[in-house]
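**Q** Dropping a prediction and its sequence here:
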Amino acid sequence: MGQTRGRIFFFLPALILLATFVVYPVINTVWLSFQTPEGEFAFFKNYVRILSEPEIVDLRGFKRGFPYGALIHNIIWIVIHLPLTVMLGLILAVILRDVKGGAVIKSIIFLGMVTPMVVGGIILRFLFDGSVGILPSFLSLFGVAKRTLTAHPDTALFALILGSLWLWTPFSMVLYSAGLETIPDYVYEAAVIDGASPLRIFFMITVPLLKPVTGVVVTMTFLWVLKIFDIVYVATMGGPGGSSNVLALQMYMYAFREFNANAAAVVATFLMLIALVVSIPTFRALRGDES
Amino acid sequence: MRMAGRSKSGTFMLHLVAWLIALIWLIPFLGVFMASIRPLSEISRGWWRFDSFTPTLKNYVGAWNHPAAPISRGMINSLRVAVPATILPVLAASVAAYGFARFSFRGRDFLFMLIVALMTLPQQMIAVPLFRIMNKLGAVDSYTGLMVVHSAWGIPWILYFMRNYFSTLPIEIEEAAKVDGASDWRIFLQIVMPMALPAVASSSVLQFMWVWSDFFLALILIYSPTKLLATQRVPLLRGVYHVDWGVLAAGSIIVMTVPIIVFALMQRYYIRGMVGWVSK
């Protein structure tokens, strides 16, 4: 039928855009990651060489302290950030559901989500500044020497992690809030009649019923932290001395400061592989929904 | 009902904790806001001190007309990218999403999953080849180039979101129209799209916010000082010899206002778009 042939035009604009500006570049990057700068095919040699560079993994860090290398920093970031985001988001969603003015508080917290990350980076730099920032001044009340937290190797990464938590928790809070609304009231009513304590209700009903939401929150948070770039670029530029460097920033440095496209491609491809592996369970779940 | 089981003092504590958290979350924003409306001499003594308080709009004027990186120009530039980079992908992805929702052909589900998988890609994965492609096309440092890249980058998410929405619409009306001899395009434009306007609003709001807030793609594709987008200009407001916190803060607030206004006006659609991940 002539009519079904015209259907291809529904797909063409999107597919052409994707093929030219997403799929082709991805394939090209993978290809570059296997090549030397001279254009020879090096297979995995690049990976072995680049991923053991001190910018990526710096084992000396374990003796002397920061920097540990971008990959280790990303891992530290995820290990600290992920559980805190999940817990904070869930607790906030549960608390704010019951609190008068909870919607207002949610909007305040949500500001972080609509803030461009570049601005987020500036705000963090200001927050942590030794002379004008409120946090060092506050800490000095407890006898901690005032200093710019983002400018010292031992605190730079942790300051950024704290800041990223402030910016990203709204995401998990909103998802959990939406999840809570799907739990019907009678479930709680039955539990209350049975005399269950609020804490017991939380752990026996709320947490298990929100498991699918937790899956999405964990995946999305992992991906967000893995790709983190803007706030690091603006607040510390990965410094001081690489102490807060991350993979996405190192890729940028390789590509657009050192003009080493192959090293950049290795880091990018590595990032992509981690991202794909991490998101497989979520995609399984998405697919499962369809049948 | 949910409050049953809690004592009065417990309820009070809960409110106290909740508002304390709100305050902690607000402090960093309050800090930049205070810095943006006070002279540097007062910021240096701490924005939280109010023994002398002289509110001023000087910082805003300074950021707006900054000699090296005027934010005013950045706002216009960002709009010139963000508006078309919202319209184009929403159109292209909606049309394709309808196809994925209603037409059956071999390999459809596989192709769809492939496109959905593109959502997980880091932007770093396309950066270098993109720069080279744009260089060849003569589109480096041009808004058209950046706009097209943003459009392509936004398509997987919008397509996924819109397809899920189309799948929830009742198919009977479309089938009735088909029996009456309406073409696919006519059904899509006259029957389906009007019903899908809330979803179009959700995906437009999110896409606009992402493009507006983007930094990485702009960083690699736009470099002429006059062409820099708003997000690229903010870090340039720092000042040379000392950090000019007032101007930096004012510039940050100006750039933030656009997403905040969009969010305030379209909150419902924004949240629906985000929540699209957990519920269908």
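**A** It's in.
**Q** Now the element after the helix or strand bottoming out on mean pLDDT in chain A, going C-ward?
**A** Least confident helix or strand of chain A, by mean pLDDT, DSSP states H and E, is helix A:2-5 with a mean of 62. Where DSSP states H and E defines the elements, the next helix or strand beyond helix A:2-5 is helix A:8-18.
**Q** Output the contacting helices and strands for that next one.
**A** With contacts defined as 3 or more CB pairs under 8 Å, 6 or more residues apart in numbering or on different chains; DSSP states H and E, helix A:8-18 has these neighbours: helix B:84-102, helix B:143-168. From N, CA and C alone the C-beta is placed, and that goes for glycine too.
**Q** could you give the angle of the next helix or strand after the first one to helix B:84-102?
**A** Looking back up the chat, that one is helix B:84-102. For helix B:84-102, the following helix or strand on the C-terminal side (DSSP H and E) is helix B:108-117. In terms of direction (axes from the mean of the first three to the mean of the last three CA atoms, to 10 degrees), helix B:108-117 departs from helix B:84-102 by 150 degrees.
**Q** Could you verify that residue A:183 is part of a strand?
**A** No - per DSSP: H, G, I helix; E, B strand; the rest coil, residue A:183 lies outside any strand segment and is coil.
**Q** What pLDDT does the model give the nearest residue to it once chain neighbours are set aside?
**A** Nearest residue to residue A:183, sequence neighbours excluded (CB to CB, 6 or more residues apart in numbering or on different chains): residue A:209, at 5.2 Å. Residue A:209 is assigned 90 on the pLDDT scale.
**Q** what about residue A:209, how many neighbours?
**A** 15 (other CB atoms under 10 Å in any protein chain shown).
**Q** again with the one 5 residues further on
**A** For residue A:214, the count of nearby residues is 19 (other CB under 10 Å).
**Q** What helices and strands are in contact with the one helix or strand it maps to?
**A** Per DSSP H and E, residue A:214 falls inside helix A:211-226. Packing partners of helix A:211-226 (3+ CB pairs under 8 Å, 6+ apart): helix A:70-98, helix A:156-181, helix A:261-290.
**Q** Make TSV out of the helices and strands packed on helix A:8-18 and add mean neighbour count.
**A** Listed next are those as TSV, based on neighbours: other CB atoms under 10 Å in any protein chain shown:
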stretch	mean neighbour count
helix B:84-102	23
helix B:143-168	23
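**Q** Check which helix or strand the most centrally placed residue in chain B maps to.
**A** Computing the C-alpha centroid of chain B and ranking residues by CA atoms, centre = their mean puts residue B:209 first, at 1.4 Å. Taking DSSP H and E as the criterion, residue B:209 maps to helix B:197-213.
**Q** in that helix, what counts as buried?
**A** Applying a neighbour-count criterion of 16 or more other CB atoms under 10 Å in any protein chain shown, one finds B:199-213 buried in helix B:197-213.
**Q** Equivalent analysis for stretch A:200-219, please.
**A** A:201, A:205, A:206, A:210, A:213, A:214, A:216, A:217, A:218, A:219.
**Q** Over to stretch A:147-157?
**A** A:147, A:148, A:149, A:150, A:151, A:153, A:155, A:156, A:157.
**Q** With stretch A:107-125 instead?
**A** Within stretch A:107-125, the residues that count as buried by 16+ other CB under 10 Å are A:108-125.
**Q** do stretch B:190-200 and chain A meet at all?
**A** No - with CB under 8 Å from any CB of the partner chain as the criterion, chain A is not reached by stretch B:190-200; the gap is at least 11.5 Å.
**Q** from the chain's centre, how far out does that stretch sit?
**A** Centroid displacement of stretch B:190-200 relative to its chain, using CA atoms, centre = their mean, to the nearest Å, is 22 Å.
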